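# give the three-dimensional model of this entry:
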Amino acid sequence: MASKRNIPVVDLSKFVHGNEAERAEFVQELGQAFHNIGFVGVKNHGIPKALIDKFYSTSKSFFGLPVGTKRQYEIAGLAGQRGYTSFGKEHAKQSEVADLKEFFQIGQTVADDDPIKSEYPDNVAVTEMPDFTNTGTSLYSAFEEAGAHLLKAIAIYLDLGENYFDDKIHNGNSILRAIHYPPITKEPDSAIRAEQHEDINLITLLVGASAGGLQLLNMDDEWMPITPEEDEIVINVGDMLQRLTNNYLKSTTHRVVNPPREMWHLPRLSIPFFLHPRSTMDLTCLDKCVTNDNPLHYEPITAGEYLDERLREIGLKK
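This next block holds a predicted model:
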C-alpha cells in the first residue's frame, strides 16, 4: 500500500458507495494508516475539482491585492479565526521564528437554529472579490462532507459505532484556510516556510499545493516529502484525535520547507481544511485506548478549552 509519496493511498468511494466488504477494507486501511503513520492520501474523495480550482484562482487573486487592501480584512480580536492574517503573525508553538506566510480563514456558517451560532463570528466578506468568499463557503461544505465520511470510518475502526462523531461535528468549529507563502526575496532567518508542528484539530484535509515542500517526520526521525497526485487530497490526524485515542492514532509532526534557491521566486499556495468539533466535545481519552501497555497520557479537557490553549501557544491569541 505504500506509495512513492511515503504514505498509503485509499479510495473513499469504496466506503461511501462500496459493498460491505469494500467498506470494511477501507476502514482497516484508513485506521492502520492513522495508527502507523498519521497521514494518508485519499482519491475519489468527492470534492469537485472545478470548485478546488476556482478557489485556488480566487485565492491567488486575493493575495495579489495591495497589502493595505488585504489588511482591511484583518479583524482585531478574532485571533485569526476569520478573515485575513498578515505575513509573519503565526509561529509553531516551540518556535519564536514566524512562519513565512499570510493566510485567510473561513469558518462555520450555522444554517439552522443551533444556539452554537452565538460562539462563531461572522465570516469576513471581501467586497472586491465576492467570488473568493462564495467559492470558499462552497468548498467548506464539500470538505465537511468528505471529512464526515472519514470520521465515520475511523469511528467504526475504533469500535465506537459509525455515528459517534456525527453530533460532535455538526456545526463544528472547522476552518478553511487559504495560505500564501510569498516569493523569497532575501536570505530567510529560517529554511522553513512553516516550522515543524502538529495540527490542533481532529483531522486535516489538504488539497495539493501549488508547489512542493510538505514533509512529515517518520518514526525513524527522517523527514519524508509528501506530494499528492493530481485530484488526491492528503489527510492527517490532528492533536484532538490523538488525544481522544490516547496516542493510538498519531498526530504526526510535519513542516513546509523552502524551495531550492533557484525557485525562490515562486510563491506557494496551499488550501487546508481543519476539521474541528463543537467546543463542548469531551476529549477525555477513550477507556478502550487506555491499557497497561498504553497508560493514560492526558488529563480531561474540552475541545474549546484545548483550542484556546493552543491558539495562545502559536501566537494568534494573546
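
# if I look at the closest residue to K49 other than its chain neighbours, how far off is V42?
By the measure of CB to CB, 6 or more residues apart in numbering, the closest residue to K49 outside its immediate chain neighbours is D231, 6.1 Å from it. For every residue, glycine as well, the C-beta is placed using N, CA and C. Distance of D231 to V42, computed by CB to CB, to the nearest Å: 10 Å.

# so these two - more neighbours on which side?
Higher neighbour count among D231 and V42: V42, with 25 against 13, using other CB atoms under 10 Å.

# could you pull up the residues touching that one?
V42 makes contact with V9, V10, D11, L12, A146, L150, L205, E232, I233, V234, I235 under the criterion CB atoms under 8 Å, 6 or more residues apart in numbering.

# same check, this time on Y157
Each residue near Y157 by CB under 8 Å, 6+ apart is listed here: V27, Q28, L30, G31, F34.

# let me know the secondary structure of the third one.
So that's L30. With DSSP: H, G, I helix; E, B strand; the rest coil as the basis, L30 sits in helix.

# got the contact list for it?
Residues near L30 by CB under 8 Å, 6+ apart: V10, F15, V40, L150, A153, I154, Y157.

# separation between it and L151?
10 Å.

# the fourth one now?
Applying CB to CB, one obtains 12 Å for the distance of G31 from L151.

# who's the closest residue to P272 other than its chain neighbours bridged to?
Distances taken as CB to CB, 6+ apart place L206 nearest to P272, at 4.6 Å, with adjacent residues excluded. Beta-bridge pairing for L206 (DSSP bridges): V234, P272.

# just give me the neighbour total for L206.
23.

# pretty sure it sits against G238.
No. Using CB atoms under 8 Å, L206 is not in contact with G238, being 11.8 Å away.

# burial count for N19?
9.

# swap in the one 10 residues further on?
Other residues near E29 come to 20 when the count uses other CB under 10 Å.

# next one: the one 3 residues further on
Neighbour count of Q32, defined by other CB under 10 Å: 15.

# which residues does it contact?
Taking CB under 8 Å, 6+ apart as the contact definition, Q32 lies against P8.

# one more: G161?
Contacts for G161 (CB under 8 Å, 6+ apart) come out as A155.

# which pLDDT value belongs to it?
G161 is assigned 96 on the pLDDT scale.

# what segments of the stretch 151-300 of the chain are strands?
Taking DSSP state E, counting those that start in this stretch as the test, the strands found in the stretch 151-300 of the chain are 175-181, 192-197, 203-207, 214-217, 223-225, 233-237, 254-257, 268-275.

# what's the average pLDDT for the last one?
This points to strand 268-275. Mean predicted confidence for strand 268-275 is 92.

# how about the CA coordinates for it, as CSV?
Provided in CSV are the C-alpha atoms of strand 268-275 (Å, rounded to 0.1, in the frame of the first residue of the first chain):
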residue,chain,number,x,y,z
ARG,A,268,3.3,28.7,-2.8
LEU,A,269,-0.5,28.5,-2.3
SER,A,270,-2.0,25.8,0.0
ILE,A,271,-5.6,25.1,1.0
PRO,A,272,-6.0,23.0,4.2
PHE,A,273,-9.4,22.3,5.9
PHE,A,274,-9.0,21.9,9.6
LEU,A,275,-12.0,19.8,10.8
